[in-house]
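**Student:** Sequence first, predicted coordinates after that:
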Amino acid sequence: MTNKRRNYKKNLVPIAKFLTLQRKQSNPLILEAKRLAKVKMIINQSLDSQISEHVEVASLNKNTLTLVTDSPVWATRVRYMQNQILSQLRKFTFTKYIHKIYIKVRPMDFYENRNQKRENTLSLSKGSAKKMLQEIDSVKDPALKAALLRLTKHAK
């Protein structure tokens, strides 16, 4: 092993240790993540456990807290509990200045299944395809006829 490579391995720092070091770039990120985790914990205590599973803390800027839910139904429920959440947050010194809560919806299944093939895709049976082929001759429009022929090729 070359001397340069040996020195390189000596200087490697595990990521967990690197993130906890008092560095200008990483320390504010860690402090913000810890602060958001504390806010999430407070919100979980003030919400029903069923609702809190569908709520995430997105950001905390000045006097505004932004929450994200995974459906409009949960967003509505959280809106009804907004005053309860605010009163719970005001009990703590680092969150007593929060006066507004924005609630946004980000459907999880939209992002997860975006590139996946839908499981319940429609299919055409072989019997239906045969009946379509019998009726295709009576279709006068050539574009429609071609489209129907393509459709019958997908019969299962």
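**Tutor:** Happy to help now that I have it.
**Student:** ok, the residue nearest to the spatial centre of the chain - contacts?
**Tutor:** Closest residue to the average C-alpha location of the chain: residue 108 at 4.3 Å, with CA atoms, centre = their mean. Residue 108 is in contact with residue 70, counting by CB atoms under 8 Å, 6 or more residues apart in numbering. Where you see a C-beta, it was placed from the backbone N, CA and C, and this is true even at glycine.
**Student:** try residue 72
**Tutor:** residue 105.
**Student:** Residue 126 and residue 74: what is the separation?
**Tutor:** 44 Å (CB to CB, to the nearest Å).
**Student:** Wait, residue 85 touches residue 45, no?
**Tutor:** No. Contact criterion CB atoms under 8 Å: residue 85 and residue 45 do not qualify, at 10.0 Å.
**Student:** sorry, back to before: would you mind telling me which of residue 126 and residue 74 has the busier surroundings?
**Tutor:** residue 74 (20 against 10; other CB atoms under 10 Å).
**Student:** Apart from its neighbours in sequence, what residue is nearest the more buried one?
**Tutor:** Among residues not flanking residue 74 along the chain, residue 54 sits closest, at 4.0 Å (CB to CB, 6 or more residues apart in numbering).
**Student:** The residue nearest to the centre of the chain and residue 88, how far apart?
**Tutor:** Counting by CB to CB - residue 108 and residue 88 are separated by 25 Å.
**Student:** do the same with residue 55
**Tutor:** 13 Å.
**Student:** what's in contact with stretch 130-138?
**Tutor:** 124, 145, 148-149, 151-152.
**Student:** which helices and strands sit right next to the helix or strand where residue 66 lies?
**Tutor:** Residue 66 belongs to strand 64-69 when assigned by DSSP states H and E. The helices and strands touching strand 64-69, judged by 3 or more CB pairs under 8 Å, 6 or more residues apart in numbering; DSSP states H and E, are strand 55-61, helix 72-80, strand 100-105.
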